[in-house]
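Engineer: curious how this folds, go ahead:
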Amino acid sequence: SLLTSSIFRTGSTDSGSEGSKVIFYQDGKTASISLFQSRNGVLSLQTNGKTDASIQLDLRKSYVRDQLTQYLAAALPLAYLPESKQVAIIGLGSGLTSHAMLAHEGIVKVDTIEIESVVASASRGYGEAVERVYSDSRSEIHIDDAKTFFSLHQKVYDIIIAEPSNPWVSGVANLFTIEFYETIKRYLPQDGVFVQWVQLYEFNDELVISILKALSEAFPDYV
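Structural biologist: Have a look, this model is predicted:
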């Protein structure tokens with residue numbers, strides 16, 4: 001079983017909502033991470049109490065919208081570059097995007113970069129829904145700051161996907177800057193694809209425009 005760590009609470013406590021439970025909680029170096037199980041079967045990863053990734057674990061029920069977003073983050077770049085072999089994903093979250101990417105047999109390596117080690121522990125709670133991240137030999141999780149990771153490894157990727165938490169979360173804001181996007185370009189080939197997840201549901205127009213402005217200055221060809 002993946003739920004063997006002492007930091008998982010098998011006798012889960014109520015979070016306040018009837019029938020809902022907190023099944024994991026741990027303070028990390030950069031944030032407090034928890035797993036929240038709702039009564040309808042949705043398991044959510046939370047950073048400082050803010051939900052970053054949700055998966056419906058009950059296969060008899062429909063996917064939640066966040067789940068589809070995590071799948072699409074992997075599917076969209078593969079639609080542009082189905083021959084891709086090397087992939088980097090910034091932000092582990094639930095692990096679903098990395099898991100989905102590894103379903104493509106042509107992929108040789110998926111490097112998932114996560115700044116908070118506790119997230120890597122918590123996401124194991126999703127079990128089979130993200131199992132390729134932990135069991136596939138092509139997968140490697142790196143606990144590191146994204147900019148530092150790319151600078152140290154100097155590796156070129158066919159696809160780079162950025163799925164950080166919201167910009168106001170500690171250590172995340174620098175992943176939405178012109179400087180970061182210019183850095184990312186160095187690790188993509190001429191026909192490489194960069195995917196940026198933007199959390200429109202918790203943004204204002206000014207913040208969205210600032211991100212698009214930064215992207216457009218680094219990547220003149222974008223949609």
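Engineer: what's the following helix or strand after the lowest-mean-pLDDT helix or strand in the chain?
Structural biologist: Ranked by mean pLDDT, DSSP states H and E, the weakest helix or strand in the chain is strand 8-14, scoring a mean of 38. For strand 8-14, the following helix or strand on the C-terminal side (DSSP states H and E) is strand 21-27.
Engineer: buried set for that next one?
Structural biologist: 21-26 (16 or more other CB atoms under 10 Å). To be clear about C-beta, it is placed using only N, CA and C from the backbone, and glycine gets the same treatment.
Engineer: got the CA positions of the longest helix along the chain in PDB?
Structural biologist: Counting residues, the longest helix in the chain under DSSP state H turns out to be helix 65-80. The C-alpha trace of helix 65-80 is given here as PDB (Å, rounded to 0.1, in the frame of the first residue of the first chain):
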ATOM      1  CA  ARG A  65     -12.500  19.900 -14.000                       C
ATOM      2  CA  ASP A  66      -9.100  20.300 -12.300                       C
ATOM      3  CA  GLN A  67      -8.400  16.700 -13.300                       C
ATOM      4  CA  LEU A  68      -9.000  17.400 -17.000                       C
ATOM      5  CA  THR A  69      -6.700  20.500 -16.800                       C
ATOM      6  CA  GLN A  70      -3.900  18.300 -15.400                       C
ATOM      7  CA  TYR A  71      -4.400  15.800 -18.300                       C
ATOM      8  CA  LEU A  72      -4.600  18.500 -20.900                       C
ATOM      9  CA  ALA A  73      -1.300  20.000 -19.700                       C
ATOM     10  CA  ALA A  74       0.300  16.800 -20.900                       C
ATOM     11  CA  ALA A  75      -1.900  16.200 -24.000                       C
ATOM     12  CA  LEU A  76      -1.700  19.600 -25.600                       C
ATOM     13  CA  PRO A  77       2.100  19.800 -26.100                       C
ATOM     14  CA  LEU A  78       2.100  16.100 -27.400                       C
ATOM     15  CA  ALA A  79      -0.500  17.200 -29.900                       C
ATOM     16  CA  TYR A  80       2.000  19.700 -31.300                       C
END
